[in-house]
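Q: Just the structure for this:
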Amino acid sequence: MQVIGWALAVGVTLFVAGAQNPQRPDGPALFRERCADCHGADAKGDRGPDVTRLWMNDGADERAMKTIRTGVAGSIMPPSSAPDEEIRAIVAYLRSISIAKTEAISGNATSGEAVFAANCAQCHRINGRGGYLGPDLSRIAGSQSNQVLTRAIRDASASFASGYEPVTLVTRDGRQIRGTRKAEDAFSIQIMDLQGRLRGFEKGDLREVTRDRKSLMPDFGADRLPDSSLDDLLAYLAKFRIPPARRAADTPGDGK
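A: Numbers count the residues shown, from 1 in each chain. Model prediction:
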């Protein structure tokens, strides 16, 4: 009876201690374990995108939670079955290291819209208008800094957004088909070709599948896009960001 009583007392003590000091998920450790392989140890991108810039416009917590939970279709990011508290811990960690800020804009957004229409809209879209061969810039511009965007414009082959990696297929009869890789498994591959058509191929019908290192997008150097025009384009893309000051102003109050 004394042993049972002692065990019961210890159990009650541990239960109360656990209730008073619940173990919280370690966001940094969870990120390193589950995310860093693709997004980098500093969360600034590797095979996956830079996720320190997600908080540059409104609703980032909710979007990040949903993205982690559901994954990204057509990419290497799978859905997660982790408990909500662990996902929230990862999101809280990313928010704590985010570098969201309002950047100085020197260009003219109206002129930048014309630059976009002339140079980008054939392959990229904003708010549903434009092409589909390249990434949707209404989303990317909302989460990437001017520095990252400038690098992507000036040196298009420096990195590729997931789902837009360039690929060249060679059929059995020698035809070459270039496009962006959308999905792939051991037996088949799906691409979007240069005409914007989704096409699927059995690998057994192909002679070669080559992952290209050269982007389908040309480099827009200063000889092709002067610095002033680049500044205008960045000003136009910046319209799709919501700065922190405005986010705070738009947050509903308590009605008092």
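Q: Can you show me the strands along the chain?
A: All strands of the chain, identified by DSSP state E, fall at 125-126, 129-130, 165-171, 176-184, 188-193, 198-202, 206-211.
Q: Can I get the last one in PDB, CA atoms only?
A: Pointing back at strand 206-211 there. Taking C-alpha atoms only, strand 206-211 is exported to PDB below (Å, rounded to 0.1, in the frame of the first residue of the first chain):
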ATOM      1  CA  LEU A 206      11.500   9.800 -75.300                       C
ATOM      2  CA  ARG A 207      15.200   9.500 -76.300                       C
ATOM      3  CA  GLU A 208      16.400  12.100 -73.800                       C
ATOM      4  CA  VAL A 209      15.100  14.200 -70.900                       C
ATOM      5  CA  THR A 210      17.500  17.100 -70.100                       C
ATOM      6  CA  ARG A 211      17.300  19.400 -67.200                       C
END
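Q: So which bits of that strand are buried?
A: Residues of strand 206-211 classed as buried under the neighbour-count rule (16 or more other C-beta atoms under 10 Å) are Leu206. (Glycine included, C-beta is placed from N, CA and C.)
Q: Now do the helices for this structure: every range, in order, please.
A: 2-20, 27-34, 36-39, 60-70, 84-97, 109-119, 137-143, 146-154, 227-238, 244-250 (DSSP state H).
Q: and the strands of the chain, which is most packed in?
A: Among these, judged by mean count of other C-beta atoms under 10 Å, the one packed with the most neighbours on average is strand 125-126 (a mean of 20).
Q: who touches Val209 in this structure?
A: Under the criterion of C-beta atoms under 8 Å, 6 or more residues apart in numbering, the contact list for Val209 reads Val167, Thr168, Leu169, Val170, Ile189, Lys203.
Q: of the residues you listed, closest to Arg181?
A: For Arg181, the nearest member of these is Val167. The distance, counting by C-beta to C-beta, is 4.5 Å.
Q: leaving aside the residues next to it on the chain, what's closest to the closest one?
A: Across the structure, with C-beta to C-beta, 6 or more residues apart in numbering as the measure, the residue nearest Val167 apart from its sequence neighbours is Arg181 (4.5 Å).
Q: And Ser138, by the same measure?
A: If the residues on either side of it in the chain are set aside, Ser138 comes closest to Ile126, at 4.3 Å by C-beta to C-beta, 6+ apart.
Q: Pretty sure that neighbour sits against Phe116.
A: Yes - when contacts are counted by C-beta atoms under 8 Å, Ile126 is listed as touching Phe116 (7.1 Å).
Q: shared neighbours of the two, which are they?
A: By the contact definition C-beta under 8 Å, 6+ apart, Ile126 and Phe116 are jointly contacted by Leu137.
Q: The residue nearest to Ser138 pairs with what?
A: With DSSP bridges as the criterion, Ile126 is bridged to Arg129.
Q: rewinding a little: dump the strands of the chain into a markdown table; add mean pLDDT and distance to Ile68 as well.
A: Rendered in a markdown table, the data for these read as follows (pLDDT from 0 to 100; distance: least, C-beta to C-beta, whole Å):
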| stretch | mean pLDDT | distance to Ile68 |
| --- | --- | --- |
| strand 125-126 | 92 | 25 |
| strand 129-130 | 92 | 28 |
| strand 165-171 | 96 | 22 |
| strand 176-184 | 96 | 21 |
| strand 188-193 | 97 | 25 |
| strand 198-202 | 97 | 27 |
| strand 206-211 | 96 | 27 |
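Q: So what's the residue count around Ile76?
A: Using other C-beta atoms under 10 Å, Ile76 has 12 neighbouring residues.
Q: ok, now which ones touch it?
A: When contacts are counted by C-beta under 8 Å, 6+ apart, Ile76 touches Cys38, Arg47, Gly48, Ser162.
Q: Repeat the analysis, applying 10 Å as the threshold.
A: Residues in contact with Ile76 (C-beta atoms under 10 Å, 6 or more residues apart in numbering) are Asp37, Cys38, Arg47, Gly48, Ser162, Gly163.
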